[in-house]
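Peer 1: sequence and computational prediction follow.
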Amino acid sequence: MMLLKIAFRNILRNRRRSVMSVAAIAVGAIAMVLFGGFIAIIILGVQTDTVRRTGHLAVYRNGYFTFGSGNPAAWGMADYKGTLAMIRDDPVLAPMLNVVTPSVSLFGIAGNFAIDASRTFFGTGVVPSERDAMRRWNPYNLTYNRAPETSGLEDGDPSKGIVGTGLARVLGLCEALSLTDCPPQPPKADDTAGAPIASDIAALADSEKADNAQPVDARPHIDLLAATAGGAPNVISLVVSRADRQGIKELDDAMVVMHFDLAQRLLYGRGEPKAVAIVVQLHSTAELPAAKARIAALIAEHHLDLEVRDFMEIVPYYGQVLGMFTAIFSFIAAIMAVIVLFTVVNTMSMSVMERTAEIGTARAIGLRRGGIRRQFLLEGWILGAIGATAGIAFGVVIAVFVNHAGLTWLPPGQSAPSPLSVMVIGMGKAYGMIWIGLMAMTTLAAIIPANRAARLPVVDALRHV
């Protein structure tokens, strides 16, 4: 206790220098608190967006994840209802599950042949109510993603669908869907090569409608052409209920979301309807390893030709974002550590120079080198404790101010500005690591001047002026 009191008094000898050292340490702590909280919000936001779209886990036929994207129809699961029941009714999985739903993925050509416009599309067939439940998943209570919680689709109306705003613009649906920032269609170029293809698709669509005796629908609609599992072309008409802006242009220009039954009809025609994937969304991401292991065990137990993948495998972008921000934070932490290191080394070296005669006196009356070393190490430790504690406290205060300042920014992959916020609640472990790290760095920085002070010859120290 006496050594601690002496070390604290020594720090107060030159208050200006000590204040500057504490300020440098505090600035480092503030930077790491703010940037760490900002990164945490971004990572949780990206995770929330990804899990809302793809779920935590997806069950496919063996080989689909590697080879099936080129021909989804050939990799459908025939007994998908039995697999759904197996997952939903399992007593181990049941408490973890939020949503378990089938989905269909497909691609083809979307056309609005009233204006002779078409382009390729990527489609997803969903159960509307279950997709809406997935979009409401927000265990972290984030305002990062402010997308509407309802899709605009209805379980009882399989004719409706949603498209990206880019696809709506290409197909000339801006006016019908009341879209803003939508330029008028340019004059169509004379495409003699593409005209026969477009006319063939239009004729096929008209033939399909005539065969099914479909009434003329005044609502905005497009025709979708895809190849069935047998390779035959199939066309359906999709009523476009809404256009949603996507954060990625390639997705915005090609996205079509439709009812699960309609997607099955397009992909399998009059054949046996199947599901391409079974999507599993959990209540908590922390339960992912246990849920994945249990589903894999059920698949093996029932000898099913299936595989299970988690969202980090399905969407590698999430892992890339996580790795990128981890590297950025580590780089900033390293810079702050170097600044703290040199600041404390400079402060303690100046203290050793000013107290050389005092060190010689202490050594002359019997204090060993270890005692001198401990005293300077303790002074560095105190500087670190004060600076780190003050920095974390000020960082939290600044974070709260930022969260209430009404600032906005446009996150990557988002189509609308989101509140600029810094995570404060739930960061206790991170704050503890920042505090311990700064303490370790200041103590380490004090070792060099402490060793120099301990090795000073007693006679030379006593006659130092």
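Peer 2: Thanks, I have the structure now.

Peer 1: wait, is Met330 part of a helix?
Peer 2: One correction, residue 330 is Ser, not Met. Yes - counting by DSSP: H, G, I helix; E, B strand; the rest coil, Ser330 is part of a helix.

Peer 1: and for it, the neighbour number?
Peer 2: 10 (other C-beta atoms under 10 Å). To be clear about C-beta, it is placed using only N, CA and C from the backbone, and glycine gets the same treatment.

Peer 1: likewise the one 10 residues further on?
Peer 2: In terms of burial, Val340 registers 27 neighbours under the definition other C-beta under 10 Å.

Peer 1: how near is it to Ala293?
Peer 2: 43 Å (C-beta to C-beta, to the nearest Å).

Peer 1: please apply the same query to Met353.
Peer 2: Computed as C-beta to C-beta, the Met353 to Ala293 distance reads 62 Å.

Peer 1: equivalent analysis for Thr228, please.
Peer 2: Taking C-beta to C-beta, one finds Thr228 at 36 Å from Ala293.

Peer 1: and Ala31, by the same measure?
Peer 2: In this structure, Ala31 and Ala293 are 40 Å apart, going by C-beta to C-beta.

Peer 1: those two: which has the busier surroundings?
Peer 2: Set Ala31 next to Ala293 and count neighbours by other C-beta under 10 Å: Ala31 wins out with 18 against 12.

Peer 1: secondary structure class for that one?
Peer 2: Assignment for Ala31 (three-state DSSP): helix.

Peer 1: that one contacts Met336, correct?
Peer 2: Yes - here Ala31 reaches Met336: they are 5.8 Å apart, a contact under C-beta atoms under 8 Å.

Peer 1: could you dump stretch 11-21 to PDB, C-alpha only?
Peer 2: Extracted C-alpha coordinates of stretch 11-21, given in PDB (Å, rounded to 0.1, in the frame of the first residue of the first chain):
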ATOM      1  CA  ILE A  11       2.900  10.900 -10.800                       C
ATOM      2  CA  LEU A  12       1.600  14.200  -9.300                       C
ATOM      3  CA  ARG A  13       5.100  15.700  -9.300                       C
ATOM      4  CA  ASN A  14       4.900  16.900 -12.900                       C
ATOM      5  CA  ARG A  15       1.200  17.200 -13.400                       C
ATOM      6  CA  ARG A  16       1.300  18.600 -16.800                       C
ATOM      7  CA  ARG A  17       3.300  15.700 -18.200                       C
ATOM      8  CA  SER A  18       1.100  13.200 -16.400                       C
ATOM      9  CA  VAL A  19      -2.100  14.800 -17.700                       C
ATOM     10  CA  MET A  20      -0.700  14.700 -21.300                       C
ATOM     11  CA  SER A  21       0.100  11.000 -20.800                       C
END
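
Peer 1: now it, how far from the centre of its chain.
Peer 2: Averaging C-alpha positions (C-alpha atoms, centre = their mean, to the nearest Å) puts stretch 11-21 43 Å from its chain's average.

Peer 1: ok, and what's touching it?
Peer 2: Applying C-beta atoms under 8 Å, 6 or more residues apart in numbering, the contact partners of stretch 11-21 are 343-344, 347, 350-351, 354, 379, 382-383, 387.

Peer 1: and the strands in the stretch 201-350 of the chain, which stretches?
Peer 2: With DSSP state E, counting those that start in this stretch as the criterion, the stretch 201-350 of the chain has strands at 221-227, 233-244, 255-259, 277-282, 306-310.

Peer 1: export those strands as a markdown table, with columns for distance to Leu106 and mean neighbour count.
Peer 2: Formatted as a markdown table, these follow (distance: least, C-beta to C-beta, whole Å; neighbours: other C-beta atoms under 10 Å):
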| stretch | distance to Leu106 | mean neighbour count |
| --- | --- | --- |
| strand 221-227 | 5 | 22 |
| strand 233-244 | 10 | 20 |
| strand 255-259 | 9 | 24 |
| strand 277-282 | 12 | 25 |
| strand 306-310 | 19 | 19 |
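
Peer 1: and of the ones you listed, who's closest to Ile162?
Peer 2: strand 255-259 (4.4 Å; C-beta to C-beta).

Peer 1: figure out how far the closest one is from the centre of its chain.
Peer 2: How far strand 255-259 lies from its chain's middle: 23 Å, per C-alpha atoms, centre = their mean.

Peer 1: below-threshold pLDDT in the chain: ranges please.
Peer 2: Residue ranges of the chain with pLDDT under 70: 1, 144-151, 187-218, 412-413, 415, 459-465.

Peer 1: tell me the domain ranges of it?
Peer 2: 2-46+319-462, 63-304 (automatic domain parsing).

Peer 1: mind checking these for the one nearest to Arg53?
Peer 2: That would be, of the domains of the chain and by C-beta to C-beta, domain 63-304, which comes in at 7.9 Å.

Peer 1: quick one: terminal-to-terminal distance for the closest one?
Peer 2: 13 Å (C-alpha to C-alpha, to the nearest Å).

Peer 1: for burial, what's the neighbour tally of Phe260?
Peer 2: 23.

Peer 1: what sits against it?
Peer 2: Phe260 neighbours (C-beta under 8 Å, 6+ apart): 102-104, 125-127, 158, 275.

Peer 1: out of those, who's nearest Ser241?
Peer 2: So of these, ranked by how close each gets to Ser241 (C-beta to C-beta), first place is Pro158, at 11.9 Å.

Peer 1: return the subset of the contacts of Phe260 lying in strands.
Peer 2: Residues from these lying in strands, with DSSP state E as the criterion: 102-104, 125-126.

Peer 1: out of those residues, which end up buried?
Peer 2: With burial judged by 16 or more other C-beta atoms under 10 Å, the buried subset of the ones in strands among the contacts of Phe260 is 102-104, 125-126.

Peer 1: Serialize these to TSV and add fields for distance to Ser421.
Peer 2: Formatted as TSV, those follow (distance: C-beta to C-beta, whole Å):
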residue	distance to Ser421
Pro102	36
Ser103	32
Val104	37
Gly125	35
Val126	30
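
Peer 1: quick check, Val99 in a helix?
Peer 2: No - with three-state DSSP as the criterion, Val99 is assigned strand and is not in a helix.

Peer 1: right, and it touches Gly55 too?
Peer 2: Yes - assessed by C-beta under 8 Å, Val99 is found in contact with Gly55 at 7.1 Å.

Peer 1: list residues touching both of those two?
Peer 2: 134, 279-281.

Peer 1: how about TSV for those residues, with distance to Glu287 added?
Peer 2: Output for the shared contacts of Val99 and Gly55, formatted as TSV (distance: C-beta to C-beta, whole Å):
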residue	distance to Glu287
Met134	16
Val279	16
Val280	11
Gln281	11
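
Peer 1: most widely separated two among those?
Peer 2: Applying C-beta to C-beta across the shared contacts of Val99 and Gly55, the maximum distance is between Met134 and Val280, 10.2 Å.

Peer 1: I appreciate the help and will end here.
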